[in-house]
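Trainee: A structural model of the following input is requested.
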Amino acid sequence: MNRINFARCSGVVVDICKGHGTWFDREELSRIVEFIRGGGLDAARSREKAALEEERRQLEQLTLKGRSSKILELAESDDERRGGIASVGSLLKHLLG
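Mentor: Numbering: from 1, shown residues only. Prediction:
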């Protein structure tokens, strides 16, 4: 079970289980619905979109400044992380399958 702040900014911490779904304590679901109805989810998505755009802009600047080695380093790090996640997923499927 992992505890996460819904939409990273709602203030509602829910329990997430990859095998069994999301678990809500008393009034958490109604608080999430209120958050969404109040525009919180749209605002959170807008912030995430802006953050991704800023990261893209920074990567473009790194490329323009000739720092391709740093970009390759970041890409390799992401590839390693994805590979590790895929390995864990395969192991869990094998163990739980």
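Trainee: may I see the buried residues of stretch 32-50?
Mentor: 32, 35, 40-41, 44 (16 or more other C-beta atoms under 10 Å). The way it works is simple: take the backbone N, C-alpha and C, and place the C-beta from them, glycine included.
Trainee: nearest to residue 17, of these?
Mentor: Residue 17 has its nearest neighbour among the buried residues of stretch 32-50 in residue 32, at 16.9 Å by C-beta to C-beta.
Trainee: strands of this structure, start to end?
Mentor: For the chain, the strands defined by DSSP state E cover 2-5, 13-17, 21-23.
Trainee: okay, the ones you listed, which one's buried deepest?
Mentor: Neighbour counts (mean count of other C-beta atoms under 10 Å) averaged over each of the strands of the chain peak at strand 13-17, with a mean of 13.
Trainee: quick one: low-confidence parts of this structure?
Mentor: 66-95, 97 (pLDDT under 70).
Trainee: go with 50
Mentor: For the chain, not a single residue meets the criterion pLDDT under 50.
Trainee: list the ones among the buried residues of stretch 32-50 that fall in helices.
Mentor: 32, 35, 40-41, 44 (DSSP state H).
Trainee: give me every residue that touches the nearest residue to residue 15 once chain neighbours are set aside.
Mentor: Nearest residue to residue 15 in three dimensions, chain neighbours excluded: residue 23, at 4.1 Å (C-beta to C-beta, 6 or more residues apart in numbering). Residues in contact with residue 23 (C-beta atoms under 8 Å, 6 or more residues apart in numbering) are 1, 14-17.
Trainee: between those residues, which is nearest residue 28?
Mentor: Nearest to residue 28 among the contacts of residue 23, with distances taken as C-beta to C-beta, is residue 14, at 5.8 Å.
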